[in-house]
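Asker: Sequence below, structure please.
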Amino acid sequence: MRFFAVALLLAIGSLAQAQSNQYDILLKGGHVLDPKNDLDAIRDVAVRDGRIAAIGENLSGANARRTIDVSGLYVTPGLIDLHYHAFAGTENGSITAGLSSIFPDHVTFGSCVTTVVDVGSSGWRRFEDFRRTVIDKAHTRVFAMINIAGTGMIDYDLEQHPLDLDAKKTGEMAKKHSDVVVGIKSAHWRPPTYLSVERAIKAAEIADIPIMVDFGYFLPERPYEKMVTDILRPGDISTHFYRWPAPLLDENEKVRPYLYKARERGIKFDVGHGSGSFHFRNAEPAIKQGFWPDSISTDWHRGSNNGAMIDMVSLMSKFLAMGVPLNEVIRQSTTNPASQVNHPELGQIAVGAEADLAVLRLDRGKFGFLDATRRGRVEGTERLGCEVTVRAGRVVFDYNGRTGEPWRDADIRYPTR
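Answerer: Next up, the predicted model:
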């Protein structure tokens, strides 16, 4: 009797050990592209308890609850969109970014985006409403940059009031919510001064975070060159970078020397495509000369969603068409934005990291891409598409039903009523 009891205990222990080693998901046979860890090879990726459990060749699927064949596809870190608008506001009559904002889960996962950064939709006055109604509700990871204008982007006119550019209250709100606030935003400032930018920097100093600037209007009294070479600090971000008439190129379409100096200082340049902030007239010559963006981002809102931007993978494809190599496009959409918001633990595929993963296909053919004018066009031979999105270890999007099986063979519990 004692022998059988011992044997039973050993069997139970072996079963428990096998179950403890079980993978929740095994992505099998994909081409893993992880620029942060210099991984560019065919590998299997296993997920357990919401984190990367193993990366290797020919991992056994015997203990995997679900094995997904991703051969012929790319497996990358979940995409990080550094410029997004997620807060529609809680006031009647909200316009501009308010009514144009999109709840993240409605669009992100279908484009392999697992993390977004809302940039300035909310100021300090409404930030806690934003957190309660969007940030804490979304399955997409949502970070935020608080608008230096206390009212946020309810109305561009309201962003022009100097008395509402309160660095102290903005910085204190950012510190209070430091787990989700990753920056301060200055946007749409019209007067011929740098006041909005300067106040944003003061707020950012309180919270020890970077600022992002949508320069808005290019005036001779406040040169863009001065902002990126003298005013912004290392790690601060200039968005809508390729927008015309930003003074990026000389009369011969050569990148102006001050931009190289700004980059050497540590200034970051973000795409922020949007509905009106990306033009091939600036972008293609700069990119052909190797002046690539630090981060590819959508400025996703209702207008850009239905315009030339379309979605994150379409925007990334636009940069492939202009000559940026695939590995760098992935870097600019994962590792780089993670570092820019001081979350370097994201944007990578490493054992122990949270399992945010993108499975991308690279279609080959003849494709066309538009800029914000909806007339400027470039052609390319490659286009990225989102096949599977994994967020925190859970499949949240599956374009071609790779997680399923023939329904006649599947053990499916159908509803009884």
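Asker: C-alpha from now on. contacts and neighbour counts both.
Answerer: Noted.
Asker: Contact partners for residue 338?
Answerer: Residues near residue 338 by Cα atoms under 8 Å, 6 or more residues apart in numbering: 80, 344, 345, 346, 347.
Asker: Mind doing that once more with 10 Å?
Answerer: Residue 338 makes contact with 79-82, 115, 295, 331-332, 344-348, according to Cα atoms under 10 Å, 6 or more residues apart in numbering.
Asker: now swap in residue 252 and tell me
Answerer: By Cα under 10 Å, 6+ apart, the contact set of residue 252 is residue 285.
Asker: same deal with residue 288?
Answerer: 322, 323, 324.
Asker: Considering the residues you listed, which possesses the most neighbours?
Answerer: residue 324 (20 neighbours; other Cα atoms under 10 Å).
Asker: May I see the buried residues of stretch 401-417?
Answerer: In terms of neighbour count (16 or more other Cα atoms under 10 Å), stretch 401-417 has no buried residues at all.
Asker: repeat for stretch 322-342
Answerer: 322-324, 326-338, 340-341.
Asker: Just to be sure, which of these are found in helices?
Answerer: Here DSSP state H is the test, and the buried residues of stretch 322-342 give 326-333, 335-338, 340 as lying in helices.
Asker: Just checking the distance from stretch 356-372 to the centre of its chain.
Answerer: Here the centre of stretch 356-372 is set off from its chain's centre by 16 Å, with Cα atoms, centre = their mean, to the nearest Å.
Asker: For it, list every residue counted as buried.
Answerer: 356, 357, 358, 359, 360, 361, 362, 369, 370, 371, 372.
Asker: As a check, name the ranges of all helices in the protein.
Answerer: So, for the chain - with DSSP H - the helices run 2-20, 97-100, 127-130, 167-176, 195-207, 224-226, 257-265, 280-288, 302-305, 312-321, 326-333, 335-340.
Asker: Remind me what the fifth one packs against, helices and strands.
Answerer: Same thing as helix 195-207. Counting contacts by 3 or more Cα pairs under 10 Å, 6 or more residues apart in numbering; DSSP states H and E, helix 195-207 packs against strand 141-147, helix 167-176, strand 181-187, strand 211-214.
Asker: Minimum distance to residue 69: which of those has it?
Answerer: strand 141-147 (26.1 Å; Cα to Cα).
Asker: tell me how far that closest one is from the chain's mean position?
Answerer: 11 Å.
Asker: Report all helices and strands that it contacts.
Answerer: If you count contacts as 3+ Cα pairs under 10 Å, 6+ apart, strand 141-147 packs onto strand 79-84, strand 113-123, helix 127-130, helix 167-176, strand 181-187, helix 195-207, strand 211-214.
Asker: Mind doing that once more with 7 Å?
Answerer: strand 113-123, strand 181-187 (3 or more Cα pairs under 7 Å, 6 or more residues apart in numbering; DSSP states H and E).
Asker: For stretch 341-355, which outside residues touch it?
Answerer: With Cα atoms under 7 Å, 6 or more residues apart in numbering as the test, stretch 341-355 has contacts from 34, 36, 47, 50-54, 77-78, 182, 334-335, 338, 390-393.
Asker: One more pass at 8 Å, please.
Answerer: 34-37, 47, 50-55, 76-80, 182-183, 209-210, 334-338, 357, 390-393.
Asker: try stretch 24-44
Answerer: Residues from elsewhere that reach stretch 24-44 (Cα under 8 Å, 6+ apart): 45-49, 55-59, 61, 64-77, 327-328, 330-331, 335, 347-350, 393.
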